[in-house]
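Enquirer: Task: produce atomic coordinates for the following.
(2 chains)
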Protein chains: 2
Amino acid sequence: MSEQARPVRRIPEATVTRLPVYLRSLYELAETRTATISSEQLAEMAGVNAAKVRKDLSYLGSYGTRGVGYDVQYLLFQMSRELGLTQDWPVVIVGVGNLGHALANYRGFGDRGFPVAALIDADPNRVGQEIGPLRIRHIDELSDIVGELKVAIGVVATPATSAQEVVDRLVAAGVRSILNFAPASVVVPDGVSLRKVDLAVELQILSFYQQRSLAESDADAV
Amino acid sequence: MSEQARPVRRIPEATVTRLPVYLRSLYELAETRTATISSEQLAEMAGVNAAKVRKDLSYLGSYGTRGVGYDVQYLLFQMSRELGLTQDWPVVIVGVGNLGHALANYRGFGDRGFPVAALIDADPNRVGQEIGPLRIRHIDELSDIVGELKVAIGVVATPATSAQEVVDRLVAAGVRSILNFAPASVVVPDGVSLRKVDLAVELQILSFYQQRSLAESDADAV
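Expert: Residues are numbered from 1 along each chain as shown, chains lettered A, B, ... in the order given. Have a look, this model is predicted:
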């Protein structure tokens, strides 16, 4: 794919999951025309400690300059390249209920290199409907669509009961990256990447802090 | 709130964000009637290393038994208590477009202690519509609704342009935990917890692995 192959370094999975968080902070900095940033500042924005930031960035080959910090634009470039964001990865959304509909309209995808190339559903009542520039197509066309549109990522937004079948069909069609929004555990064969979005996780984190702050105000009241 | 106040221990933020991930694994284990689990097994399920699992669980006061591991049911109890999941935290969803609609129907919320207590919108065309058992109410009623229904968490699913105003109104109404789905950066005063869901982050992680696997197959082809 890339004209010049770069050596494949080993980046720990935990670091990979933090790169998009750093990236978001770097975009905010770039918007305010900030030229350089210290590991401490980036750590605070990303909510991790500074030693971890330095370690994570070292995997990208970035070490910063003592007393100056990191060059924001160069870090943006390195990180985008590392995350594969210097090219577009077309996305297919399977399941166009409310969630699929919301994802189809989600501004953040296309803007960041993940154009929604196709919308797919199994329900004949939905097939043919138009959402923005796209017409919903039938799941039986999946394999053709993936080939024609060079789909890189499949987003599963079906009910739980259909999730595994849809994942199997995506894999059979050659999709090797799957993002599952359905509230169901699904499995994929080796060589296919799977991420699950669990919307309740964030609520559980908030619940922790909510309980904690109530406990503290109870303690203050004693 | 709690009848008996437990001492407030300090749990690092990074650990808090991993607890829901462990919790999900533990629920899966409980479903298969697994009685005990080693830190290595839990680490593999959660995608972190075993030393980190042991450290994280030690903050809960759980140390496991050498050669046996951790008791799944007891760990579930401890973790649910720590995350404040032994009580319900009513949620209000503000913004009932496609995303708000999807969130209102998202089975995973109510099941896990986050009942959706109210739906709110500013659009007069939406106010009065019914979604499941709830009728969409007007944003001007927000303050009353929060008081009446003891709303603990506000979920913001508005367009980016309205997000900060809605957050301000939630805070003014007394909500101290906010989950922001709008693709906009918002600020909250001290004492209010804010989490942001950025749906593109997961796509960026997939993009990393997609690029990596293509680079590896290119290398194999040489």
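Enquirer: And the pLDDT at residue A:36?
Expert: Listed pLDDT for residue A:36 reads 94.
Enquirer: if I look at it, how far off is residue A:67?
Expert: Distance, residue A:36 to residue A:67, by CB to CB, to the nearest Å: 10 Å. For the C-beta atoms, the positions are set from N, CA and C on the backbone; glycine is no exception.
Enquirer: the more surrounded of these two?
Expert: When residue A:36 and residue A:67 are compared for neighbours, residue A:36 comes out ahead with 16 against 6, by other CB atoms under 10 Å in any protein chain shown.
Enquirer: Output the lowest mean pLDDT helix or strand found in chain A.
Expert: helix A:107-111 (a mean of 75; mean pLDDT, DSSP states H and E).
Enquirer: Any part of it near chain B?
Expert: Yes: under the criterion of CB under 8 Å from any CB of the partner chain, helix A:107-111 makes contact with chain B via A:107-109.
Enquirer: Whichever of those residues end up buried, select them in ChimeraX.
Expert: Selection of buried members from the residues of helix A:107-111 next to chain B for ChimeraX, criterion 16 or more other CB atoms under 10 Å in any protein chain shown:
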select /A:109
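Enquirer: Mind putting the residues of helix A:107-111 next to chain B into a markdown table with distance to residue B:126?
Expert: Putting these into a markdown table (distance: CB to CB, whole Å) gives the following:
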| residue | distance to residue B:126 |
| --- | --- |
| A:107 | 20 |
| A:108 | 23 |
| A:109 | 24 |
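Enquirer: How is chain A divided into domains?
Expert: Listed domain ranges for chain A are A:13-81, A:91-200 (source: automatic domain parsing).
Enquirer: where are the low-confidence patches of chain A?
Expert: The model of chain A has pLDDT under 70 over residues A:1-9, A:218-222.
Enquirer: The longest strand anywhere in it: how far from the chain's middle?
Expert: Longest strand of chain A, by residue count under DSSP state E: strand A:116-121. How far strand A:116-121 lies from its chain's middle: 17 Å, per CA atoms, centre = their mean, to the nearest Å.
Enquirer: Say whether chain B is contacted by it.
Expert: No: applying CB under 8 Å from any CB, one finds strand A:116-121 separated from chain B by no less than 10.7 Å.
Enquirer: What strands line up against the next helix or strand after that strand, and which way round?
Expert: The first helix or strand that comes after strand A:116-121 along the chain, using DSSP states H and E, is strand A:130-131. Next to strand A:130-131 in the sheet, as set by DSSP bridges, lie strand A:134-135 (antiparallel).
Enquirer: can you map out the helices along chain A?
Expert: Secondary structure of chain A (DSSP state H): helices located at A:13-31, A:39-46, A:50-59, A:72-82, A:98-105, A:107-111, A:142-149, A:160-172, A:199-221.
Enquirer: Check the separation of the first and last residues in stretch A:180-199.
Expert: 11 Å (CA to CA, to the nearest Å).
Enquirer: I'd like the distance from that stretch to the chain centre, please.
Expert: 13 Å.
Enquirer: Looking at the helices of chain A, which one is packed in the most?
Expert: The highest mean neighbour count among these, using mean count of other CB atoms under 10 Å in any protein chain shown, belongs to helix A:98-105: a mean of 22.
Enquirer: Return the angle between stretch directions for that helix and helix B:199-221.
Expert: In terms of direction (axes from the mean of the first three to the mean of the last three CA atoms, to 10 degrees), helix A:98-105 departs from helix B:199-221 by 70 degrees.
Enquirer: counting contacts, what elements does helix A:98-105 pack onto?
Expert: Helix A:98-105 sits against strand A:91-94, strand A:116-121, strand A:130-131, helix B:98-105, with contacts defined as 3 or more CB pairs under 8 Å, 6 or more residues apart in numbering or on different chains; DSSP states H and E.
Enquirer: what about 7 Å?
Expert: Using 3 or more CB pairs under 7 Å, 6 or more residues apart in numbering or on different chains; DSSP states H and E, the elements in contact with helix A:98-105 are strand A:91-94, strand A:116-121, helix B:98-105.
Enquirer: What's the separation between residue A:191 and residue B:217?
Expert: Applying CB to CB, the value for residue A:191 to residue B:217 is 10 Å.
Enquirer: next one: residue A:107
Expert: For residue A:107, the distance to residue B:217 (CB to CB) stands at 33 Å.
Enquirer: Give me the neighbour count for the nearest residue to residue A:96 once chain neighbours are set aside.
Expert: Nearest-residue entry for residue A:96: residue A:121, 4.7 Å, with adjacent residues in sequence omitted and distances by CB to CB, 6 or more residues apart in numbering or on different chains. For residue A:121, the neighbour count with other CB under 10 Å is 22.
Enquirer: in the sheet, who's paired with residue A:121?
Expert: Counting by DSSP bridges, residue A:121 is bridged to residue A:138.
Enquirer: quick one: it and residue A:131 touch, right?
Expert: No: using CB atoms under 7 Å, residue A:121 is not in contact with residue A:131; the gap is 10.6 Å.
Enquirer: give the contact list for residue A:166.
Expert: Contact analysis of residue A:166 by CB atoms under 7 Å, 6 or more residues apart in numbering or on different chains lists A:94, A:156, A:158.
Enquirer: Of those, keep whichever come out buried.
Expert: Buried members of the contacts of residue A:166, counted by 16+ other CB under 10 Å: A:94, A:156, A:158.
Enquirer: Pick the one among these closest to residue B:49.
Expert: Lowest distance from residue B:49 to the buried ones among the contacts of residue A:166 (CB to CB) belongs to residue A:156, with 28.5 Å.
Enquirer: which residues does that closest one contact?
Expert: Residue A:156 makes contacts with A:94-95, A:163, A:166-167, A:178-182, as judged by CB under 7 Å, 6+ apart.
Enquirer: and the helices of chain A as a markdown table, adding distance to residue B:86?
Expert: Output for those, formatted as a markdown table (distance: least, CB to CB, whole Å):
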| stretch | distance to residue B:86 |
| --- | --- |
| helix A:13-31 | 29 |
| helix A:39-46 | 31 |
| helix A:50-59 | 32 |
| helix A:72-82 | 40 |
| helix A:98-105 | 29 |
| helix A:107-111 | 35 |
| helix A:142-149 | 43 |
| helix A:160-172 | 25 |
| helix A:199-221 | 9 |
